[in-house]
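# using only what follows, build the 3D model:
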Amino acid sequence: MVSARPRVDPEPGLVGFSRLTRGRTGARAFTVFFVLVYLVIAIQTLSTIL
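Okay, here's the model as predicted:
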């Protein structure tokens with residue numbers, strides 16, 4: 001008979017990416033970063049088309 005695997009505790013660093021993203025300012029910075037990335041992609045796409 002095969003024994004059950006031991007329980008794995010998730011690392012706190014991996015769950016919340018970092019301690020900064022757990023706070024309100026970290027979440028806001030995360031959102032602003034992705035908005036800026038998508039804006040850059042959209043601007044480059046439009047400049048390529050036109």
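
# show me the shaky parts of the chain.
Scanning the chain for pLDDT under 70 picks out 1, 9-23.

# what's the single longest helix in it?
Secondary structure assigned by DSSP state H gives helix 24-49 as the longest helix of the chain.

# for Arg24, what are its contacts?
If you count contacts by C-beta atoms under 8 Å, 6 or more residues apart in numbering, Arg24 has none. From N, CA and C alone the C-beta is placed, and that goes for glycine too.

# distance of it relative to Thr31?
11 Å (C-beta to C-beta, to the nearest Å).

# list the buried ones in stretch 26-38?
Residues of stretch 26-38 include none that count as buried (16 or more other C-beta atoms under 10 Å).

# okay, it in CSV with CA atoms only?
This file holds the C-alpha atoms of stretch 26-38, laid out as CSV (Å, rounded to 0.1, in the frame of the first residue of the first chain):
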residue,chain,number,x,y,z
GLY,A,26,1.2,47.5,-3.8
ALA,A,27,-2.1,46.5,-5.4
ARG,A,28,-2.4,49.9,-7.0
ALA,A,29,1.2,49.8,-8.2
PHE,A,30,0.5,46.4,-9.7
THR,A,31,-2.5,47.7,-11.6
VAL,A,32,-0.7,50.9,-12.8
PHE,A,33,2.2,48.7,-14.1
PHE,A,34,-0.1,46.5,-16.2
VAL,A,35,-2.1,49.5,-17.5
LEU,A,36,1.1,51.1,-18.6
VAL,A,37,2.3,47.9,-20.3
TYR,A,38,-1.0,47.6,-22.2
